[in-house]
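> I'd like to go over a predicted model; first the sequence, then the structure.
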Amino acid sequence: MGNIFEDIAQDIEVKPNKSKLVLKWVVRIAVILICGAFIFGQLKIKSLNKVNTFEKSLQENTKAIQDLNTKVVDGFKAVNGRIDKVYDDGNKSFNDYVTFNKEQLKMVIDYGQSNKDMLKRMLDFNTAEKAKTVETQLEQAKKDTTKTNFDSNIVVKKVEPIKK
């Protein structure tokens with residue numbers, strides 16, 4: 001670098017030596033300041049690029065979390081619907097069973113005086129049959145095809161810390 005400064009300074013025809021010395025120092029300081037500004041700008045842009053990468057990664061993660069939240073809410077709605085269906089089917093079957101038992105008790109009251117053995121066997125058989133029907137309906141409600149499906153397509157990236 002010294003040769004460049006001397007070449008620049010030698011081409012300038014200034015009579016006093018002090019002016020020539022001042023001009024050399026002005027050129028040197030100007031070159032140093034320009035180089036310093038360039039290096040500072042490069043470091044600043046490098047840190048801004050890291051911040052932009054971090055911001056982009058943060059936005060992607062936020063979107064992935066929102067998608068996951070939507071899927072979880074939809075999954076819970078499906079599960080709640082299935083539970084409600086099982087509850088409603090079970091309640092309906094239980095009400096039918098109670099009605100059936102009431103009818104059997106009416107028969108017992110009406111025909112209780114005659115042929116008690118046949119009435120007992122008929123009640124036992126009908127109770128067992130109705131219990132099997134209720135159990136079958138509950139099992140069908142449990143095996144409903146409603147299912148939840150959570151995808152594992154969510155990508156979370158590690159964010160590197162900014163080095164100083």
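Sure thing, it's come through. Numbering: from 1, shown residues only.
> so where's the longest helix in this structure?
Secondary structure of the chain per DSSP state H: the longest helix is helix 17-111.
> Sticking with the residue nearest to residue 89 when sequence neighbours are not counted, tell me its helix or strand.
Leaving aside its chain neighbours, residue 89 sits nearest to residue 141 (4.2 Å; criterion: CB to CB, 6 or more residues apart in numbering). (Glycine included, C-beta is placed from N, CA and C.) Using DSSP states H and E, residue 141 sits in helix 116-142.
> Now do that helix: which elements does it pack against?
If contacts are counted by 3 or more CB pairs under 8 Å, 6 or more residues apart in numbering; DSSP states H and E, helix 116-142 sits against helix 17-111.
> Counting by contacts, list what the helix it packs on packs against.
helix 2-11, helix 116-142.
> Compare these and say which comes out lowest on pLDDT.
Among the helices and strands packed on helix 17-111, helix 2-11 carries the lowest mean pLDDT, a mean of 64.
> wait, isn't the residue nearest to residue 89 in contact with residue 86?
Yes: assessed by CB atoms under 8 Å, residue 141 is found in contact with residue 86 at 4.5 Å.
> And those two? Which one has more around it.
Counted by other CB atoms under 10 Å, residue 141 and residue 86 do not tie: residue 141 has more neighbours, with 18 against 15.
> ok, the more buried one - contacts?
Contacts for residue 141 (CB atoms under 8 Å, 6 or more residues apart in numbering) come out as 85-86, 89-90.
> nearest to residue 61, of these?
Using CB to CB, residue 85 comes nearest to residue 61 of those, at 36.2 Å.
> and that closest one, how many neighbours?
14.
> which intervals of this protein have sub-threshold pLDDT?
Within the chain, the segments meeting pLDDT under 70 span 1-16, 110-116, 118-119, 144-164.
> let's see it at 90
1-27, 42-58, 72-164 (pLDDT under 90).
> Next, work out how far apart the residue positioned nearest the centre of the chain and residue 61 are.
The geometric centre of the chain, computed from its C-alpha atoms, lies nearest to residue 68 (CA atoms, centre = their mean), at 2.3 Å. Distance from residue 68 to residue 61, counting by CB to CB, to the nearest Å: 10 Å.
> quick revisit: and the contacts of residue 141, which two are the farthest apart?
85 and 90 (9.5 Å).
> now the longest helix of the chain, how far from the chain's geometric center?
5 Å (CA atoms, centre = their mean, to the nearest Å).
> Tell me what angle it forms with helix 116-142.
Calculated by axes from the mean of the first three to the mean of the last three CA atoms, to 10 degrees, helix 17-111 forms an angle of 170 degrees with helix 116-142.
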